[in-house]
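Novice: Sequence first, predicted coordinates after that:
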Amino acid sequence: MELLTLSAVELGAAIQAGKATAIEAMEAVLRRIEEKEDALHCYITIDKEKALERAVEAQRRIQAGELAGPLAGVPMAVKDNLCTAGMPTTCASRMLGNFVPTYTAEALRNLERAGAVVIGKTNMDEFAMGSTTETSAYGATRNPGNTEHVPGGSSGGSAAAVAAGECFFALGSDTGGSIRQPASHCGVVGMKPTYGTVSRFGLVAYGSSLDQIGPLGRTVEDCAAALEILAGAGPRAGQGEAASGDMPGEGEGSPEGIVPDRRDSTYLYRKDTDFTSALKKDVAGMRIGIPRDYFGPGLSEEVRHSVMAAAELFRGKGALVEEFDLSLVEYAIPAYYTIAAAEASSNLERFDGIKYGYRANDAQELHRMYKQTRSEGFGPEVKRRIMLGSFVLSSGYYDAYYLKALRVKAMIKKAFDRAYARYDCILGPVAPTTAPRLGQSLDDPLKMYLGDIYTISVNLAGLPAISVPCGEDGNGLPIGLQLIGDCFQEEKILRAAYSYEQFRKDGQG
Amino acid sequence: MANIISDETIEYVGILAKLSLSEEEREQAKKDMGRMLDYIDKLNELDTTGAEPMSHAFAVENVFREDEVTGGDGREEMLRNAPARKGDMFAVPNVMSH
Amino acid sequence: MAKDYETVIGLEVHVELATKTKIFCGCSTAFGGKPNSHTCPVCTGMPGSLPVLNRKVLEHAVAVGLATNCQITRYCKFDRKNYFYPDNPQNYQISQLYLPICRDGYVEIDVEEGSEGEKASTHGKKRIGIHEIHMEEDAGKLIHDEWEDCTLVDYNRSGVPLIEIVSEPDMRSAEEVISYLEKLRLIIQYLGASDCKLQEGSMRADVNLSVREPGSAHYGTRTEMKNLNSFHAIARAIEGERNRQIDLLESGKAVVQETRRWDDLKGTSYVMRSKEDAQDYRYFPDPDLVPVSIDDAFLEEIRARQPEFRTEKMDRYKSEYGIPDYDIEIITGSKSMADIFEATVALGAQPKKVSNWLMVETLRLLKERELDPEDIRFSPEHLAKLIALAESKAVNSTVAKEVFELMFEQDIDPEAYVEEKGLKMVSDTDALRRVVEEVIAANPKSVQDYRGGKDRAIGFLVGQTMKAMKGKADPVTVDALLRELL
């Protein structure tokens, strides 16, 4: 059996059926890594021996009947901003070059308990700040479709690894599009769940109110299966009080319930996480809105064409597709960069050379030590955002910049609320263009930020969204389709994405 | 460019963010920050009166822990990554010497 | 130099809350562990760690707010206060700026007649306004290493819950400040929200002080004084800072708004400032925590749990126990003392006797050893047993006092101790009679004196008998027996 052609769920089923083993799967992946990694550089850390040991252990437990989940024994890759006990976690920064956590991210722990096997840690933009994986202190990752191009970012290593068969699925994090955009650029599926669906404990924070962990896979089904496990089986009682009426499970459990050993205050312990049951090939009657604002200047003709063709396919299968004005789209980027930079400037203060990570060794005075450590430990893009964030929070500017951005965020959320009164899903492009060539983006940061225009407002509004491949440009580089749902409506976008994926497969026959 | 970032501002931000910049980096930072702020100023086109600043996209409240000890002796684990330690403590440059 | 100045003082009081665990993680708050033994990824600021609020902290903060007549903020949030320092592992402190848990309260202090503050009310009472109370986390401890000329960091205290009580600038003298602090301490101790020990740092006060000419409508420029860890240091620092500011003004200089650190050994203060401290904390709502919304039910729950405060207790002691006002004043002046009193009485001891042991022997020993009532170690059970021994005349008063002293130091069981050491009085009257007869036979001179009308001579004979009995006799019984036999 050619294992690498299987999806993660197919592989999991084959392992359960005894047709393949976790060890064979890991060996196949490691061989692929051997072949391709020099050209692509998807990973920062791989320990092949340990990965094989983990696969052996998983296989033993599968055979002992202890592990029976859909992803048991399936090799996966983990973005290097998710803490892994005993394995370096660098955030692609010199700052954390030697950092080995003593704890594992809660989300990843859920997957490991379900039997998924970690291969290694994938490359990314430093501290997830960037859209190309070129700000990594450990060198850029290349797009498997064309190695002259970037894989997108910041979860570029994870997306490229999935596309190249260097893993069966991967974890990423998405603060402003960091899962969806590289998935789009690499031709794989990437999903950002509703804010609060997955615990952030152990995810090295960039913008805490925007960050969310999610899966990247070759199929929609793989993403649904992985997300179901990532979200964890929520305890029956107590996720705090939902103040708005749209929270699932409101009124159930104790009003001020306390989850034992709770580690993330923003983690919702959702009960409605049976995502795989949403995978139905049927969009008849589904109301899909296409924001006209997403098809303005800056969008490449090829991307526009592919996305519109996808919309037509939905319409052809019975979905009610119409265009509408979402509004405020051009304000999402300035609001996002203000909020994300402000939060990042505070989140990254803990990197000071005292408790872990890099320390400039010749500084004898405290503040000089701080400054040297941070100036040498962080790369230019990270410094740029830390400085901007420190400035917008500083005395005299807080109201004008930070609070203003939070007000705009509220307005953007309202605009989505209005849209979801009419539509089940919003459909649009993921990024204005296909993957740029290496070395073309970093010179002009502002231009790079503009590439996030279709993904960023999703994070501001806390919505779930998924990127699925919908075509290629003239150079064979993939184009992604984005489906955005209302908060807690993962099932709707999963159904739409799954149906589209299947229809497209049928069409390609 | 509407926002001109002065040397003093960059110096001040450097103190807040604990970053020291070379001459070249400083000039670049002034330019980058000025451009970003010009861009962010776009938000001023928008009348946000009546919009409450929103920290989280939806309102979850009252998330608590019980007052029960769950941690054991974390010494070794917490000190494992320390760039400098002495005994069971983190070592830093003398804070009293300025 | 003949000018008169008024001192204007506001206080920022930090109180360490009596919880088992830290404010945002499950690490123990216990004192005395090895350095960094009470730490986890959260309280050492490890990458990816996140805070979750300890419910008990909120309960304590609301309880203190209610007891100090504050408005409770029904929707409150936590903010990050950003500044770099090694005792602060995240380089931001989680605190509350924009929506603190309590606001606009006051406590009443007793002031001497004639001191007329602007908010003075009747009967020598004065209200000290409380601007706000907020919840926050404590910092770690820095230890200077002389040998290696470096600083060492221990995060055991990092994340210990604090409330900061910020007063209005309503105090005018060191006496008022101390009276305010004592009042706060008592309220908080009664609530069980903290033990409020200044020396151990579980209560800390920063003093904001300015001076102005009496009658002036404006406040002068104020300074903030830190590192005050006793009432004595606070009084001295106030005096010192007042004089420093007056000297500045008298010599035509201006007071600079700054933070100063008090050196109690030298009796002076110095400025804490460097170019690297911008004092721009960039507060913003902590996105890792969710807001706290307080409903009526929660408030009622806390209110229902509020203990009997001092005034109520004083009234009850008067009617229920009938002990003197002075005793009531002293005993209710400390929550620990009142607790021991009530527990001992509940075990059956007579209130007046319990009060006597607390008022005389206990206070004497506390004073001798420079301890606070909070340091009392003996249990109510043992005090009750000792009182029973003394009342049943099983031991005489001298022995009882000796046993009490040991009990004060080591909380020994007085019953077991008296038994073990054979200190019980000899109740066998025949045996005692024999000894008395021997004493009479051995001291003919004194017997003669007594019979000759010198009543004092009997005292000597009692003493001789007690000596022969090794103290294990009741002197009153001995006295009676002597008179009978003579």
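Specialist: Cool, got the structure.
Novice: Can you check what pLDDT the model gives C:Lys458?
Specialist: That one is not Lys; residue C:458 is Ile. C:Ile458 carries a pLDDT value of 85.
Novice: any idea how far C:Lys393 is from it?
Specialist: As for C:Ile458, its distance to C:Lys393 is 20 Å (criterion: CB to CB, to the nearest Å). Bear in mind the C-beta positions are built from the backbone N, C-alpha and C, glycine included.
Novice: Ok, C:Glu136 next?
Specialist: From C:Glu136 to C:Lys393 the distance is 57 Å (CB to CB).
Novice: next one: C:Ala349
Specialist: 16 Å.
Novice: I figured A:Glu376 was touching A:Ala360, is that so?
Specialist: Yes - the criterion here is CB atoms under 8 Å, and A:Glu376 meets it with A:Ala360 at 5.4 Å.
Novice: returning to what we had before: mind checking which of C:Ile458 and C:Lys393 has more residues around it?
Specialist: Neighbours per residue (other CB atoms under 10 Å in any protein chain shown) separate C:Ile458 from C:Lys393, with C:Ile458 holding more: 18 against 15.
Novice: Does the more buried one lie in a helix or a strand, and which?
Specialist: Taking DSSP states H and E as the definition, one finds C:Ile458 inside helix C:457-468.
Novice: tell me which residues of that helix are tucked away?
Specialist: Using 16 or more other CB atoms under 10 Å in any protein chain shown as the test for burial, helix C:457-468 gives C:457-458, C:460-462, C:464-466, C:468.
Novice: Now do the helices in the stretch 101-250 of chain C.
Specialist: Taking DSSP state H, counting those that start in this stretch as the test, the helices found in the stretch 101-250 of chain C are C:174-191, C:231-250.
Novice: quick one: low-confidence parts of the chain?
Specialist: By default, I'm working from chain A. Applying pLDDT under 70 to chain A picks out residues A:1, A:233-260, A:509.
Novice: wrong one, chain C
Specialist: C:1-2, C:113-123, C:426-428.
Novice: okay, now the domains of it?
Specialist: Here the domain assignment for chain C is C:6-297, C:308-421, C:429-485, based on automatic domain parsing.
Novice: Which one, of those domains, ends up nearest to A:Arg287?
Specialist: domain C:6-297 (32.1 Å; CB to CB).
Novice: The closest one vs chain A: in contact?
Specialist: Yes - Domain C:6-297 lies within reach of chain A by CB under 8 Å from any CB of the partner chain, at C:26, C:41, C:44-53, C:55, C:80, C:82, C:84, C:86, C:89-92, C:151, C:153, C:274, C:276, C:280, C:282-284, C:287-290, C:293.
Novice: Give me the longest helix you can find in chain B.
Specialist: helix B:23-40 (DSSP state H).
Novice: For that one, name the packing helices and strands.
Specialist: Contacts defined by 3 or more CB pairs under 8 Å, 6 or more residues apart in numbering or on different chains; DSSP states H and E place helix B:23-40 against helix A:329-347, helix A:380-393, helix A:445-450, helix B:7-17.
Novice: possible to save the ones you listed as JSON lines with distance to C:Thr19 and mean neighbour count?
Specialist: Listed next are the helices and strands packed on helix B:23-40 as JSON lines, based on distance: least, CB to CB, whole Å; neighbours: other CB atoms under 10 Å in any protein chain shown:
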{"stretch": "helix A:329-347", "distance to C:Thr19": "26", "mean neighbour count": "25"}
{"stretch": "helix A:380-393", "distance to C:Thr19": "30", "mean neighbour count": "25"}
{"stretch": "helix A:445-450", "distance to C:Thr19": "44", "mean neighbour count": "17"}
{"stretch": "helix B:7-17", "distance to C:Thr19": "33", "mean neighbour count": "18"}
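Novice: Tell me which of the ones you listed sits nearest to C:Met359.
Specialist: helix A:329-347 (55.0 Å).
Novice: What is that closest one packed up against?
Specialist: So helix A:329-347, by 3+ CB pairs under 8 Å, 6+ apart, packs with helix A:380-393, helix A:404-420, helix A:445-450, helix A:456-460, helix B:23-40, strand C:79-82, strand C:284-285.
Novice: how about 7 Å then?
Specialist: Using 3 or more CB pairs under 7 Å, 6 or more residues apart in numbering or on different chains; DSSP states H and E, the elements in contact with helix A:329-347 are helix A:380-393, helix A:404-420, helix A:445-450, helix A:456-460, helix B:23-40.
Novice: what's the angle between it and helix A:380-393?
Specialist: Calculated by axes from the mean of the first three to the mean of the last three CA atoms, to 10 degrees, helix A:329-347 forms an angle of 100 degrees with helix A:380-393.
Novice: Tell me the helix or strand right after helix A:329-347.
Specialist: helix A:366-377.
Novice: buried set for that following helix?
Specialist: So, applying 16+ other CB under 10 Å, buried residues of helix A:366-377: A:366-375, A:377.
Novice: show me the contacts for the closest residue to C:Gly105 other than its chain neighbours.
Specialist: In space, and not counting its chain neighbours, C:Gly105 is closest to C:Cys70: 3.2 Å by CB to CB, 6 or more residues apart in numbering or on different chains. C:Cys70 makes contact with C:102-105, C:130, C:133, according to CB atoms under 7 Å, 6 or more residues apart in numbering or on different chains.
Novice: Give me the distance between C:Cys70 and C:His60.
Specialist: Distance from C:Cys70 to C:His60, by CB to CB: 13 Å.
Novice: measure the residue nearest to C:Met359 when sequence neighbours are not counted to chain B for me?
Specialist: For C:Met359, ignoring the flanking residues on the chain, the nearest one in space by CB to CB, 6+ apart is C:Asp327 at 5.5 Å. Using CB to the nearest CB, to the nearest Å, C:Asp327 is found at 36 Å from chain B.
Novice: Beyond the helix or strand where C:Asp327 lies, next helix or strand please.
Specialist: Assigning secondary structure by DSSP H and E places C:Asp327 in helix C:325-332. Proceeding N to C from helix C:325-332, the next assigned helix or strand is helix C:335-346, under DSSP H and E.
Novice: Would you mark the buried spots in that following helix?
Specialist: Buried-residue list, helix C:335-346, by 16+ other CB under 10 Å: C:335, C:337-345.
Novice: Could you dump those into JSON lines and include distance to chain B?
Specialist: Shown next, in JSON lines, are the buried residues of helix C:335-346 (distance: CB to the nearest CB, whole Å):
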{"residue": "C:Lys335", "distance to chain B": "20"}
{"residue": "C:Met337", "distance to chain B": "27"}
{"residue": "C:Ala338", "distance to chain B": "25"}
{"residue": "C:Asp339", "distance to chain B": "21"}
{"residue": "C:Ile340", "distance to chain B": "26"}
{"residue": "C:Phe341", "distance to chain B": "29"}
{"residue": "C:Glu342", "distance to chain B": "26"}
{"residue": "C:Ala343", "distance to chain B": "24"}
{"residue": "C:Thr344", "distance to chain B": "29"}
{"residue": "C:Val345", "distance to chain B": "31"}
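Novice: Out of these, flag the one nearest to chain A.
Specialist: C:Lys335 (28.9 Å; CB to the nearest CB).
Novice: which residues does the closest one contact?
Specialist: Applying CB under 7 Å, 6+ apart to C:Lys335 gives the contacts C:186, C:189-190.
Novice: Taking the stretch 351-500 of chain A, what residue is nearest to chain B?
Specialist: A:Gly462 (2.7 Å).
Novice: Point me to the helix or strand that includes that residue.
Specialist: Using DSSP H and E, no helix or strand contains A:Gly462.
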